[in-house]
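A.B. asks: Fold the following and give me the result.
(one chain, ligands or ions: 1)
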Amino acid sequence: PVLVVDFGAQYAQLIARRVREAQVYSEVVPHTATVDEIMAKDPAAIILSGGPASAYSPGAPGMDPALAKAGVPVFGICYGFHLLAQALGGTVEATGAREYGRTEINLLADGGVLHRELPARHQVWMSHGDSVTKAPDGAVVTATSAGAPVAAYENPAERYAGVQYHPEVLHSPHGQEVLRRFLHEIAGIRPQWTTASIVDEQVGAVREQIGDGRAICGLSGGVDSAVAAALVQRAIGDRLTCVFVDHGLLRAGERAQVERDFVAATGVNLVTVDARERFLDALAGVSDPEEKRKIIGREFIRVFEGAERDLKAQGDYRFLVQGTLYPDIVESGGGTGASTIKSHHNVGGLPEDLRFELVEPLRLLFKDEVRRVGLELGLPETIVHRQPFPGPGLGIRIIGEVTAGRLETLRAADAIAREELTAAGLDRDIWQCPVVLLADVRSVGVQGDGRTYGHPVVLRPVSSEDAMTADWTRLPYDVLERISTRITNEVAEVNRVVLDVTSKPPGTIEWE
Ligand code: XMP
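C.D. replies: Have a look, this model is predicted:
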């Protein structure tokens with residue numbers, strides 16, 4: 001892999017993605033990794049990320065100079081550009097000239113290998129207070145800017161290079177080209193990380209891991225478990241069995257989508273467990289959000305365990321497939337004492353005492369790569385580009401007790417909202433649009449000649465990159481109008497539609 005050493009930049013993950021977009025496999029490692037640990041991963045190249053520190057200040061996260069001389073190609077970005085210069089005999093100073101944001105660089109020496117044939121003067125994205133004032137011995141300076149006498153240097157023979165600016169952000173329009181030149185031309189790495197090769201490699205790895213054994217996969221209806229299952233199905237065929245739990249908290253058409261579309265696309269063995277009554281019974285009388293989440297999580301596990309026991313009675317199911325992604329793995333490294341905002345229940349999140357060996361064929365991939373793999377495996381767009389839907393389903397979108405009647409009401413309203421958003425071509429513009437039933441609230445309305453006393457539903461359209469933060473989506477008024485008119489006309493219990501205009505924070509996306 002190409003290893004991105006993370007010096008505390010918010011950019012390290014982004015750099016890894018850009019490297020992958022250049023069709024080279026990449027992973028992030030913390031800056032605390034030792035040279036031995038890094039070399040043990042047999043890196044094809046090392047990229048030193050940016051970071052908030054000053055390379056010359058005491059206590060700043062450093063770089064073992066041995067890394068620069070380990071015989072592996074190295075690329076430094078911003079802070080990493082400073083560290084690399086220092087390690088190789090250059091100098092870094094606070095010159096007093098800071099540059100933040102859009103900046104122009106001027107190429108020198110015809111731009112060298114990295115910037116060859118790019119415009120002699122072009123825009124990049126900078127964010128630095130310190131500057132390299134002397135490049136490493138033997139390196140050629142190939143760019144300069146008003147605030148950075150050395151804005152890029154390279155030594156293709158020694159296979160290292162660096163840039164002061166951030167090539168990974170879109171505000172550096174030629175950045176991806178520069179990164180590609182480093183990888184392909186200076187480091188000499190062949191671009192082989194393509195969707196087809198990912199599928200081949202992972203199918204091979206799964207075959208090797210499972211051998212002639214059998215595997216179970218819990219399907220949630222979401223993208224990740226569907227793609228993981230399709231990939232394992234490609235590897236071991238009908239020795240994979242998928243289990244889909246219908247907890248009755250699904251939206252209209254979801255069960256059919258799994259039972260029909262997914263099976264049609266993959267030919268997978270599917271067991272659907274109808275647990276609707278069981279969940280309704282367990283939720284009776286409960287309106288506290290956390291209590292609902294816990295009950296749904298607990299019941300889910302019990303149902304899944306039951307299905308698992310039945311399967312194990314029929315054959316030797318030793319493996320459990322999960323749709324864990326690369327960011328899940330990276331992120332679970334951190335997290336000290338964060339407060340529980342909501343107990344998230346992932347349909348894949350199963351108890352530890354399930355004695356399975358885990359198969360996680362997506363654990364190296366980012367979400368967009370997972371979607372491409374899904375398409376490569378022949379899954380339909382409706383599954384691959386599905387918007388997120390919470391594991392506890394409609395159970396946390398009914399504010400108040402969950403009952404069969406309320407579920408029916410919410411399902412009808414939700415189906416209308418989704419239909420109209422899809423018809424307006426807005427599915428890819430929004431992250432998701434929960435529809436929430438305020439089951440314990442009533443308001444007076446008038447319909448025909450009569451008074452109504454029904455429930456409101458809330459539309460919660462949001463835009464987001466990763467669900468950590470979100471903004472409410474400014475949906476066109478005519479779309480809102482169609483949704484509102486149809487819901488109040490077609491869903492008897494609902495006589496009012498309201499719009500949630502709260503960002504996250506302070507609101508969360510879901511109401512419970
Ligand atoms: P919140 O409400 O915390 O939601 O802003 C953030 C994102 O996570 C989804 N969500 C869940 N997903 N299990 C899941 O798999 C859960 O328990 C759960 N709760 C919320 C939510 O739909 C949004 O995309």
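A.B. asks: Mind listing what's buried along the helix or strand where Glu154 lies?
C.D. replies: Using DSSP states H and E, Glu154 falls within strand 152-155. Within strand 152-155, the residues scored as buried using 16 or more other Cβ atoms under 10 Å are Ala152, Tyr153, Glu154, Asn155. Every C-beta, even on glycine, is put in place using the N, C-alpha and C of the backbone.
A.B. asks: Show me what that strand is in contact with.
C.D. replies: With contact meaning Cβ atoms under 8 Å, 6 or more residues apart in numbering, strand 152-155 is reached by 85, 90, 105, 112-115, 132, 135-136, 138-143, 160-164, 186.
A.B. asks: what does stretch 171-188 give?
C.D. replies: Outside stretch 171-188, the residues that touch it by Cβ under 8 Å, 6+ apart are 2, 18-19, 21-22, 24, 44-45, 73, 75, 101-102, 113-116, 118-119, 122-125, 154, 156, 159-161, 163, 165-169, 189-191.
A.B. asks: For the ligand, see how far away the residue positioned nearest the centre of the chain is.
C.D. replies: Central residue of the chain (Cα atoms, centre = their mean): Lys367, 4.5 Å from the mean position. Separation of Lys367 from the ligand (Cβ to the nearest ligand atom, to the nearest Å): 12 Å.
A.B. asks: Run through the residues that contact that residue.
C.D. replies: Lys367 is in contact with Val223, Leu325, Pro327, counting by Cβ under 8 Å, 6+ apart.
A.B. asks: Using neighbour counts, give me the buried entries of these.
C.D. replies: Val223, Leu325.
A.B. asks: which one of the contacts of Lys367 is nearest Pro380?
C.D. replies: Closest to Pro380 out of the contacts of Lys367 is Val223 (11.5 Å), distances taken as Cβ to Cβ.
A.B. asks: what's that closest one sitting at in phi/psi?
C.D. replies: Val223 adopts backbone torsions of phi -70, psi -50, taken as degrees, to the nearest 10.
A.B. asks: Which residue comes closest to it once chain neighbours are left out?
C.D. replies: Ranked by Cβ to Cβ, 6 or more residues apart in numbering and with sequence neighbours excluded, the top spatial neighbour of Val223 is Arg386, at 5.4 Å.
A.B. asks: quick one on the thing from earlier: can I have the buried ones of the contacts of strand 152-155 as a ChimeraX selection?
C.D. replies: Buried residues within the contacts of strand 152-155, by 16+ other Cβ under 10 Å, are selected in ChimeraX with:
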select :85,90,105,112,113,114,115,132,135,136,139,140,141,142,143,160,161,162,163,164,186
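A.B. asks: Tell me which of the contacts of strand 152-155 fall in helices.
C.D. replies: When these are checked against helices (DSSP state H), the matches are Ala85.
A.B. asks: rewinding a little: return the per-residue confidence for the residue nearest to the centre of the chain.
C.D. replies: The model reports Lys367 with a pLDDT of 88.
A.B. asks: what's it sitting at in phi/psi?
C.D. replies: Phi and psi for Lys367, reported as degrees, to the nearest 10, are phi -60, psi -40.
A.B. asks: Report the separation between it and Pro388.
C.D. replies: 10 Å (Cβ to Cβ, to the nearest Å).
A.B. asks: and His455, what are its phi and psi?
C.D. replies: Backbone torsions of His455, given as degrees, to the nearest 10, read phi -100, psi 150.
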